[in-house]
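1. what would the 3D arrangement of this be:
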Amino acid sequence: MTTNSNSESLITKKELRKVFSRSCTLDSAWNYERQQNLMYCYTMLPVLKKLYGDNKEKMASAMQRHLEFMSCTPHIVTLLAGITAAMEEENAKDENFDPSSISAVKLRSGRVAIAYNPTCTPCPEPGKAAWPGLRCPVAVALSEDGGKTFPLIRHMELGEGFVGAENSTNNRTYEYPYLMQGRDGRLYLAFAYSTRRSVKWMSFTEEDVAGAKREVIGLYNPTAAKMS
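-> As a prediction, the model looks like this:
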């Protein structure tokens with residue numbers, strides 16, 4: 001994200017104080033589908049109204065961004081709210097700003113990166129909300145089409161390594177991943193480690209996620225080796 005130091009901030013302490021007080025309600029409208037999204041959008045409304053209040057279309061788009069899936073430990077949500085407010089202000093000032101980077105990490109290479117738990121409920125029922133299952137492993141995915149698809153994925157934390165249908169619950173939970181790109185271009189990932197025993201962080205490059213080869217199907221024929 002780039003900032004324009006020559007322009008005055010559109011957001012004042014008045015809006016930020018409202019964001020802080022509203023952040024205390026983060027878990028008051030929790031839901032199974034998108035968890036804390038309703039109250040996170042409510043938390044950000046003072047900033048959104050200040051930036052887009054006179055433009056219904058932009059206001060609607062901004063609210064839609066913050067009604068996506070949201071899951072965060074309430075104690076640190078003010079950090080995310082502050083980052084979100086700064087990025088929304090850049091979006092309001094700069095017509096070339098990519099708003100998709102507000103919901104994900106827009107890398108210098110142009111790719112979009114996300115960190116998440118690739119899990120789902122083991123027994124889904126159509127039309128019925130269900131808990132998404134054990135939060136393990138932790139994965140990082142890269143998109144090259146603005147976030148429409150994420151074909152480059154790597155598991156960065158495998159937990160205890162249990163993957164069977166009836167023994168995967170022996171893994172501990174590895175949850176609430178947070179991903180950012182540093183000034184050095186490397187990616188930095190942090191998440192609650194081993195059922196919240198501690199916080200683990202790691203550093204890696206985009207190439208570590210993408211890998212050396214790009215192919216849809218890799219073939220291995222052990223009988224194809226040439227005999228000398």
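
2. quick one: contacts for the spatially closest residue to residue 66 that is not a sequence neighbour?
-> Counting by Cβ to Cβ, 6 or more residues apart in numbering, residue 66 lies nearest to residue 41, which is 4.1 Å off, once chain neighbours are set aside. From N, CA and C alone the C-beta is placed, and that goes for glycine too. Listed by Cβ atoms under 8 Å, 6 or more residues apart in numbering, the contact set of residue 41 reads 63, 66, 67.

3. name the member of the residues you listed with the most neighbours.
-> When neighbours are counted by other Cβ atoms under 10 Å, residue 66 leads the contacts of residue 41 with 22 neighbours.

4. so who does it touch?
-> Contacts of residue 66 were listed using Cβ under 8 Å, 6+ apart, and they are 37, 40, 41, 44, 48, 84.

5. nearest to residue 160 among those?
-> The closest of those to residue 160 turns out to be residue 37 (Cβ to Cβ; 30.7 Å).

6. tell me how far the closest one lies from residue 68.
-> Distance, residue 37 to residue 68, by Cβ to Cβ, to the nearest Å: 6 Å.

7. repeat for residue 172
-> For residue 172, the distance to residue 68 - Cβ to Cβ - is 27 Å.

8. again with residue 133
-> From residue 133 over to residue 68 the distance is 20 Å, taken as Cβ to Cβ.

9. and the residue nearest to residue 97 when sequence neighbours are not counted, how many neighbours?
-> In space, residue 97 comes closest to residue 91 once its chain neighbours are excluded; the distance is 4.6 Å by Cβ to Cβ, 6+ apart. By other Cβ under 10 Å, 22 other residues sit near residue 91.
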